[in-house]
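Asks: heads up, no residue letters with this:
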Ligand SMILES: CC(=O)N[C@H]1[C@@H](OP(=O)(O)OP(=O)(O)OC[C@H]2O[C@@H](n3ccc(=O)[nH]c3=O)[C@H](O)[C@@H]2O)O[C@H](CO)[C@@H](O)[C@@H]1O
Ligand SMILES: C=C(OP(=O)(O)O)C(=O)O
């Protein structure tokens, strides 16, 4: 096992290239299941989750080729997926347990093959994370759902039929599954209370370029006119707004000045507003977004919400920022019931945080002090790495497999900005 060793106190400055978005890439990689033609995705990030989904697609019979790399599965950024035929409709536990987003093969498999048998993903460190909305969506399109031996079987042997899907609360994954199921259904589907995240828009763009007829992506109501078949396409994965936001926080915390190259400010409004409230400078540039410190960090309040609200995937990073603010901040986690696992670890670095229910009160301290810390999930790991960048002494962050799910070449990118950071055997 490896760990990150960070010697805090360096100001970050320069330009950091923003990678393709993990949370856009994963649903996009499921679109090839909907067509017998090849689909090429460019700007794919080099991440463990991309490998896991590649394994699952291979298992289902999708041929995957990696272009532009110097060898090795992590070296390419452009991949072509060819699902000329589907050999298997089972997503096995061994793969699904590594990555919840495996559930995204459910909708496209039922739509194309008339059946999908997917292991129930179960909960994870941040919460229970049921999949009832995914199942509700498929049932609304006429699929029969059975739960057996830890697997969900969805079947529609004569094909899906368009219908009304009304989500109780917006769900990113369930909206994506619903979209990928409805594109090949007979007739019209309406999704009410759809998630409005930019990743949904990216998925709809890709599906439309394959011949789908989707309108309203990015709004609460999405309409899909089913088509008989889809064709291949080439699609560029959107920039990762969560990765970009994480580097924005790094710039502000370290008193630095960083250009987030390729970042899309329009997708990051809620977090950029909080950067400004915390006293940072935000400047939109032709090639991205500049974030710079401008004096002491001020306290701020956050409630996580579905897009366009403040993203839960940035909560841990902003909590790290709040630990060194002048004054108190309150952060309320309203999406996942157990997403404060970084709190005790931040406290080990000297932070002053009290949690009451779903709210954390963070009283800024003069400075953090290094300690070995344990990452519990992806964004918690980034929160701890950010704290390490300002902590006095040498902080080690263990359990890097979480970070490797979602941050491409993290230590390389931070080092290029001036951080003193190494990945070492743990
Ligand atoms: C791969 C990916 O894109 N992951 C993101 C996606 O996860 P994911 O798609 O799993 O998250 P959802 O938007 O579905 O979750 C929103 C809320 O709905 C609940 N829910 C969801 C589905 C369901 O069937 N039943 C149910 O109750 C969840 O427990 C949660 O409380 O959106 C989350 C919320 O922005 C992000 O934190 C994740 O990084
Ligand atoms: C929670 C996350 O991912 P996933 O939904 O894949 O667990 C995340 O990206 O922060």
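Replies: Noted; the coordinates are in hand. For clarity, every value in this text was computed on a predicted model and none was experimentally measured. Ligands and ions are numbered 1, 2, ... in the order given.
Asks: Am I right that residue 86 falls within a strand?
Replies: No: applying DSSP: H, G, I helix; E, B strand; the rest coil, one finds residue 86 to be coil, outside a strand.
Asks: what does the stretch 51-200 of the chain have sitting close to ligand 2?
Replies: Applying CB under 6 Å from any ligand atom, one finds that the stretch 51-200 of the chain approaches ligand 2 through 100-101. C-betas here are computed from N, CA, C, even on glycine.
Asks: those helices in the stretch 51-200 of the chain, which residues are they?
Replies: 93-96, 106-113, 132-140, 172-182, 198-209 (DSSP state H, counting those that start in this stretch).
Asks: Which of those helices sits closest to residue 312?
Replies: Residue 312 sits nearest to helix 172-182 of all the helices of the stretch 51-200 of the chain, at 10.3 Å, using CB to CB.
Asks: picking up where we left off before, as CSV, the helices of the stretch 51-200 of the chain with mean neighbour count would be great.
Replies: Formatted as CSV, those follow (neighbours: other CB atoms under 10 Å):
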stretch, mean neighbour count
helix 93-96, 17
helix 106-113, 27
helix 132-140, 20
helix 172-182, 28
helix 198-209, 22
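Asks: Mean pLDDT and distance to ligand 1 added to those helices, as a markdown table?
Replies: Formatted as a markdown table, these follow (pLDDT from 0 to 100; distance: least, CB to the nearest ligand atom, whole Å):
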| stretch | mean pLDDT | distance to ligand 1 |
| --- | --- | --- |
| helix 93-96 | 96 | 13 |
| helix 106-113 | 98 | 11 |
| helix 132-140 | 98 | 3 |
| helix 172-182 | 98 | 3 |
| helix 198-209 | 98 | 6 |
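Asks: Among the ones you listed, which comes closest to residue 85?
Replies: Of all those, helix 106-113 comes closest under CB to CB, at 9.4 Å.
Asks: Show me what the closest one is packed up against.
Replies: Counting contacts by 3 or more CB pairs under 8 Å, 6 or more residues apart in numbering; DSSP states H and E, helix 106-113 is packed against strand 115-119, helix 132-140, strand 151-155, helix 172-182.
Asks: chain center to the last one, what's the gap?
Replies: Centroid separation between helix 172-182 and its chain, computed with CA atoms, centre = their mean, to the nearest Å, is 16 Å.
Asks: So which residues on the stretch 1-150 of the chain come close to ligand 1?
Replies: Near ligand 1, when you scan the stretch 1-150 of the chain using CB under 6 Å from any ligand atom, you find 23, 26, 101, 127, 129-134.
Asks: repeat that for 8 Å
Replies: 22-24, 26-27, 49, 100-101, 103-104, 126-136 (CB under 8 Å from any ligand atom).
Asks: what ranges do the helices span in the stretch 251-400 of the chain?
Replies: Using DSSP H, counting those that start in this stretch, helices in the stretch 251-400 of the chain cover 269-277, 315-322, 342-348, 378-390.
Asks: could I get those helices as TSV with distance to ligand 1 and mean neighbour count?
Replies: Below are those laid out as TSV (distance: least, CB to the nearest ligand atom, whole Å; neighbours: other CB atoms under 10 Å):
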stretch	distance to ligand 1	mean neighbour count
helix 269-277	12	19
helix 315-322	9	28
helix 342-348	14	20
helix 378-390	8	28
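Asks: Specify the stretch among those that is closest to residue 153.
Replies: Closest of the helices of the stretch 251-400 of the chain to residue 153 is helix 378-390, at 29.6 Å (criterion: CB to CB).
Asks: Okay, residue 358 and residue 337: tell me how far apart.
Replies: Using CB to CB, to the nearest Å, residue 358 is found at 7 Å from residue 337.
Asks: the more surrounded of the two?
Replies: residue 358 (17 against 14; other CB atoms under 10 Å).
Asks: Test my guess that that one contacts residue 335.
Replies: No: contact between residue 358 and residue 335 fails when scored by CB atoms under 8 Å: they sit 9.6 Å apart.
Asks: Using a markdown table, lay out the helices and strands packed on helix 106-113 together with distance to residue 83.
Replies: Output for the helices and strands packed on helix 106-113, formatted as a markdown table (distance: least, CB to CB, whole Å):
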| stretch | distance to residue 83 |
| --- | --- |
| strand 115-119 | 13 |
| helix 132-140 | 19 |
| strand 151-155 | 18 |
| helix 172-182 | 13 |
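Asks: how about these, which one is nearest residue 219?
Replies: helix 172-182 (11.3 Å).
Asks: Does the closest one pack against any helices or strands, and if so which?
Replies: Against helix 172-182 (3+ CB pairs under 8 Å, 6+ apart) you get helix 22-28, helix 106-113, helix 132-140, strand 188-192, helix 198-209, strand 222-225.
Asks: Format the ones you listed as JSON lines; extra columns: distance to residue 422.
Replies: Below are these laid out as JSON lines (distance: least, CB to CB, whole Å):
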{"stretch": "helix 22-28", "distance to residue 422": "24"}
{"stretch": "helix 106-113", "distance to residue 422": "40"}
{"stretch": "helix 132-140", "distance to residue 422": "41"}
{"stretch": "strand 188-192", "distance to residue 422": "46"}
{"stretch": "helix 198-209", "distance to residue 422": "32"}
{"stretch": "strand 222-225", "distance to residue 422": "46"}
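Asks: Tell me the residues of the stretch 151-300 of the chain that contact ligand 1?
Replies: For the stretch 151-300 of the chain, the residues found near ligand 1 under the criterion CB under 8 Å from any ligand atom are 168-176, 195, 197, 199, 242.
Asks: Can you tell me which of the residues of the stretch 1-150 of the chain next to ligand 1 are buried?
Replies: 22-24, 26-27, 49, 100-101, 103-104, 126, 129, 131, 133-136 (16 or more other CB atoms under 10 Å).
Asks: Can you tell me which of the residues of the stretch 151-300 of the chain next to ligand 1 is closest to residue 40?
Replies: Distances from residue 40 to those, taken by CB to CB, are shortest for residue 199, at 18.7 Å.
Asks: wait, does stretch 236-247 make contact with ligand 2?
Replies: Yes: contact of stretch 236-247 with ligand 2 (CB under 8 Å from any ligand atom) involves residue 242.
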